[in-house]
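K.L.:
Build me a model from this:
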Amino acid sequence: MSKLHIIDHPMIQHKLTRIRDINTGAKDFRDLLKEIAMLMGYEVTRDLPLTEIEIETPMMRTKAHEISGKKLAIVPILRAGLGLVDGLLNLLPVAKVGHIGLYRDHETHNPVFYYCKLPEDINHRMVIITDPMLATGGSMELGYKAFLTKGTPKQIHVCCVIASPEGIDHIKKTFPEDKTTIWCAAV
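P.N.:
Alright, predicted model coming up:
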């Protein structure tokens with residue numbers, strides 16, 4: 001079964017409350033979404049492997065740690081998923097960014113695929129796929145199917161701010177369970 005992490009850190013919960021408030025304007029909404037993404041990014045990347053290296057400090061040579069060659073990609077579901085990208089890039093500036101374009105059919109309400117641009121080596125990357133709201137899981141599933149046209153990512157982190165139980169169940173059924181982790185701030 002895919003792993004689910006509900007990030008209940010007080011700063012994220014505070015910003016989530018403000019983002020959900022009907023009185024929050026568009027600029028504040030965007031700024032809060034960016035901040036939430038960066039804070040969530042700390043948790044999403046918690047298990048990145050480290051390598052010990054030797055560096056020269058102003059005082060002496062010492063051993064320190066750096067991220068161990070982990071290739072990362074951030075892939076938003078257009079357009080809403082773009083709101084999470086800048087916050088994650090503040091934390092992970094070397095990550096490659098891809099894009100998956102979907103829109104909701106006005107009659108059927110089903111997601112429709114229209115665009116896919118991914119790093120060529122997607123099958124060698126840990127992917128963070130972003131969409132602020134995981135409702136039915138249909139858009140995320142189409143996004144995952146777009147990955148399969150280029151390869152299968154090493155790890156998939158579904159990063160959303162709010163998730164429904166139905167969306168979580170759908171991801172658990174359609175994504176590879178041994179490679180997928182779902183991250184959200186609220187269900």
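K.L.:
can you pull out the strands in the chain?
P.N.:
3-6, 50-56, 61-67, 72-78, 96-97, 99-104, 111-117, 126-130, 133-134, 155-159, 162-163, 180-184 (DSSP state E).
K.L.:
Comparing those, which comes out most buried?
P.N.:
Comparing the strands of the chain by mean neighbour count (mean count of other CB atoms under 10 Å), strand 126-130 comes out on top with a mean of 26. Any C-beta I mention is one placed from the backbone N, CA and C, and that applies to glycine too.
K.L.:
Show me how far that one is from its chain's centre.
P.N.:
5 Å (CA atoms, centre = their mean, to the nearest Å).
K.L.:
what are the C-alpha coordinates of it, in CSV please?
P.N.:
Output in CSV follows, covering the C-alpha atoms of strand 126-130 (Å, rounded to 0.1, in the frame of the first residue of the first chain):
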residue,chain,number,x,y,z
MET,A,126,12.7,11.0,-7.6
VAL,A,127,9.6,12.9,-8.7
ILE,A,128,7.5,15.2,-6.7
ILE,A,129,4.2,15.6,-8.6
THR,A,130,2.2,18.6,-7.3
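K.L.:
strand partners of that strand, parallel vs antiparallel please.
P.N.:
strand 72-78 (parallel), strand 155-159 (parallel) (DSSP bridges).
K.L.:
Please report the distance of the closest residue to His170 other than its chain neighbours from Thr180.
P.N.:
Once flanking residues are discounted, His170 sits nearest to Gly137: 2.8 Å by CB to CB, 6 or more residues apart in numbering. For Gly137, the distance to Thr180 (CB to CB, to the nearest Å) stands at 12 Å.
K.L.:
Now list whatever residues contact both of those two.
P.N.:
Ile171 (CB atoms under 8 Å, 6 or more residues apart in numbering).
K.L.:
for the longest helix anywhere in the chain, which positions count as buried?
P.N.:
The helix that spans the most residues within the chain, counting by DSSP state H, is helix 26-44. Going by neighbour count (16 or more other CB atoms under 10 Å), the buried part of helix 26-44 is 29, 31-41, 43-44.
K.L.:
Let me have the strands paired with strand 126-130 in JSON lines, extended by mean pLDDT and distance to Phe175.
P.N.:
What follows is these, written out as JSON lines (pLDDT from 0 to 100; distance: least, CB to CB, whole Å):
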{"stretch": "strand 72-78", "mean pLDDT": "94", "distance to Phe175": "13"}
{"stretch": "strand 155-159", "mean pLDDT": "93", "distance to Phe175": "6"}
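K.L.:
Turn those strands into CSV, columns for distance to Leu148.
P.N.:
Shown next, in CSV, are the strands paired with strand 126-130 (distance: least, CB to CB, whole Å):
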stretch, distance to Leu148
strand 72-78, 13
strand 155-159, 11
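K.L.:
Figure out which of those strands is closest to Glu56.
P.N.:
With respect to Glu56, and counting by CB to CB, the nearest of the strands paired with strand 126-130 is strand 72-78 at 27.3 Å.
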